[in-house]
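*Asks:* I'd like to go over a predicted model; first the sequence, then the structure.
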Amino acid sequence: MLSHILRVALLLSGILGSFAGSLRADADVGPYSATFLADSPGLKKKIAVLAISGANSKWTMQCWVRASAIPKGLTLIAGMGEPGEKGSRYLAIDQGKFAFRGGSGLLLSSQTAIKPGTWQFVIADFDGTVLRLFSGEAPAEMAAAFDGVGPVVYLAPDAAQRAGGHFTGEIAEFMIRSGIFRLNAGAPGADRKFF
């Protein structure tokens, strides 16, 4: 029991007041943080049906990632909707680089390589017509369209849900927001507590 508790730590810290009102409780999800070992289950949380879950709604999805290894195959990090759902939206890793995977077969890859043991920031946003992925270098972008998505958030989806390998490592401050935001407040460190 104790080892299972140590495998998965989830912090549901709610809406951060320090963003001076930029996060709206009626339209935003997170922040969530967790640690995943190789055999740990993913985490799933049902959320209220929000504007961000609508077809072609504007949204921003972001988190800090510290992978413990480079996964084999397309691996989901965190996102919204059941992973197999047509409208699902997931930050991912593909061929050792950050990517975004949409449930309708959409895959947008960056040129930023995963560096195991290092905190890396990744953000995807959608303005209603263009999907962008930022992860440290020039953004990758493509025209896209999204169906509506179910009201569930997953971090490191488990074996029954994942598209490829299982994410192992840490995810910090995973958030989904209504609208376009590009906040990068600094990497998690000794002065910031998540667990």
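*Replies:* That came through fine.
*Asks:* where are the low-confidence patches of this protein?
*Replies:* Within the chain, the stretches with pLDDT under 70 are 1-27, 49-51, 159-164, 182-195.
*Asks:* Tell me which stretches of it form helices.
*Replies:* Secondary structure of the chain (DSSP state H): helices at 2-7.
*Asks:* Residues in a beta bridge with the residue nearest the centre of the chain, which ones?
*Replies:* For the chain, Ala78 is the residue whose C-alpha lies nearest the centre (C-alpha atoms, centre = their mean; 3.4 Å). With DSSP bridges as the criterion, Ala78 is bridged to Leu91, Leu155.
*Asks:* ok, so what distance separates it from Val122?
*Replies:* From Ala78 over to Val122 the distance is 10 Å, taken as C-beta to C-beta, to the nearest Å. In short, each C-beta sits where N, CA and C put it, glycine included.
*Asks:* who touches both of the two?
*Replies:* Applying C-beta atoms under 8 Å, 6 or more residues apart in numbering, one finds that Ala78 and Val122 are jointly contacted by 63, 91.
*Asks:* I'd assumed Gln95 was in contact with Leu107.
*Replies:* No. Leu107 is not in contact with Gln95 according to C-beta atoms under 8 Å; the separation is 10.4 Å.
*Asks:* one step back: residue contacts, the residue nearest to the centre of the chain?
*Replies:* Per C-beta under 8 Å, 6+ apart, neighbours of Ala78: 32, 61, 63, 90-91, 153-156, 171, 174.
*Asks:* Tell me the one of those nearest Lys46?
*Replies:* Nearest to Lys46 among the contacts of Ala78 is Val153, at 8.1 Å by C-beta to C-beta.
*Asks:* tally of neighbours for that closest one?
*Replies:* If you count neighbours by other C-beta atoms under 10 Å, Val153 ends up with 20.
*Asks:* What ranges does this structure have for its strands?
*Replies:* Under the criterion DSSP state E, the chain carries strands at the ranges 9-12, 29-36, 43-46, 59-67, 75-80, 89-94, 97-102, 106-113, 120-126, 130-134, 140-143, 152-155, 169-178.
*Asks:* Compile those into a markdown table and extend it with columns for distance to Ile52.
*Replies:* As requested, the strands of the chain are exported to a markdown table (distance: least, C-beta to C-beta, whole Å):
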| stretch | distance to Ile52 |
| --- | --- |
| strand 9-12 | 18 |
| strand 29-36 | 7 |
| strand 43-46 | 14 |
| strand 59-67 | 4 |
| strand 75-80 | 7 |
| strand 89-94 | 9 |
| strand 97-102 | 14 |
| strand 106-113 | 17 |
| strand 120-126 | 9 |
| strand 130-134 | 14 |
| strand 140-143 | 19 |
| strand 152-155 | 11 |
| strand 169-178 | 5 |
